[in-house]
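*Asks:* Need the 3D shape of this:
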Amino acid sequence: MIRAALFMSFLLSIFAAASTYALGLQQNAVEVDGVIRVMNSIHCTAKGETVCENLCGAKSCEWPEPLCRDCFGSGDAVLRDVFQTLVPTYEGVEAITDRQVVYKLLTRSTVLVANKSLYDFYNGSEDAGIAPHLQTLCGARDGFIAVELDDDNRPTSAFLAICTSPKGIAARRLRPAGAADMNENEESVLKLKLSNELRLSPPN
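*Replies:* Here you go, the predicted model:
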């Protein structure tokens, strides 16, 4: 029990983001039946902000993060790239809107990797972690890299760099360096499929 409490305290100390942003992205650790789970939440706090209400029916959207398989250790190639060679392994494409960030996070099986992440078996405690990559990709050293998981909850690719600041969030879509984007028709079909399955309105 003491070990679980200490582990919970450690998780809470590293999964931090300010809730005073116009659009605030947070992670919190909760214990469910003796198992530590990570809850992600997006809070729409700005006056007149409607994206959370439109997508989730409330001022915030909260969802449990999947249990990432093969993430605790140094054997996963995707996470190794995220922590060691995010840039230049990935490149930032276009900046995306707050609404698109919410939609992408809610329609993909995702883990959010923070600067000081429990998944980081590659950098020492004094290293900057992913902060320099975030600075390059979206302009701030605080934030998250969104990593998509497959049907077995194994990492497949990083797809968003999300920077957080007192002004809100800034996000940029990622793709493997040199890879071609899907065309607009393919993306429209994908958005329609996801919106039908999850009953969410795809962003404009």
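*Asks:* any chance you could map the helices in the protein?
*Replies:* Taking DSSP state H as the test, the helices found in the chain are 2-14, 51-56, 77-89, 98-106, 131-138, 184-198.
*Asks:* isn't R80 right next to S74, touching?
*Replies:* Yes - between R80 and S74 there is a contact under C-beta atoms under 8 Å: 6.7 Å. To be clear about C-beta, it is placed using only N, CA and C from the backbone, and glycine gets the same treatment.
*Asks:* what is in contact with the two at once?
*Replies:* Y122 (C-beta atoms under 8 Å, 6 or more residues apart in numbering).
*Asks:* any idea of the mean pLDDT in stretch 159-174?
*Replies:* In this model, stretch 159-174 carries a mean pLDDT of 90.
*Asks:* Poorly predicted segments of the chain, please.
*Replies:* Residue ranges of the chain with pLDDT under 70: 1-22, 45-49, 125-127, 181-204.
*Asks:* related to what we said a few turns ago, of R80 and S74, give the one with the bigger neighbour count.
*Replies:* Shown here are R80 and S74; by other C-beta atoms under 10 Å, R80 has more neighbours (15 against 12).
*Asks:* Name all residues that make contact with the more buried one.
*Replies:* R80 touches S74, Y122, counting by C-beta under 8 Å, 6+ apart.
*Asks:* for N115, same thing?
*Replies:* For N115, the contact set (C-beta under 8 Å, 6+ apart) comprises A128, G129, I130, A131, L134, R141, D142, G143.
*Asks:* again, only this time at 7 Å
*Replies:* G129, I130, A131, D142 (C-beta atoms under 7 Å, 6 or more residues apart in numbering).
*Asks:* Hmm, the first one is touching N123, no?
*Replies:* Spelled out, that is G129. Yes - counting by C-beta atoms under 7 Å, N123 is a contact partner of G129 at 5.4 Å.
*Asks:* higher neighbour count, these two?
*Replies:* Using other C-beta under 10 Å, the more surrounded residue of G129 and N123 is G129, with 20 against 15.
*Asks:* do you know how far that one is from S117?
*Replies:* Between G129 and S117 the distance is 7 Å, computed by C-beta to C-beta, to the nearest Å.
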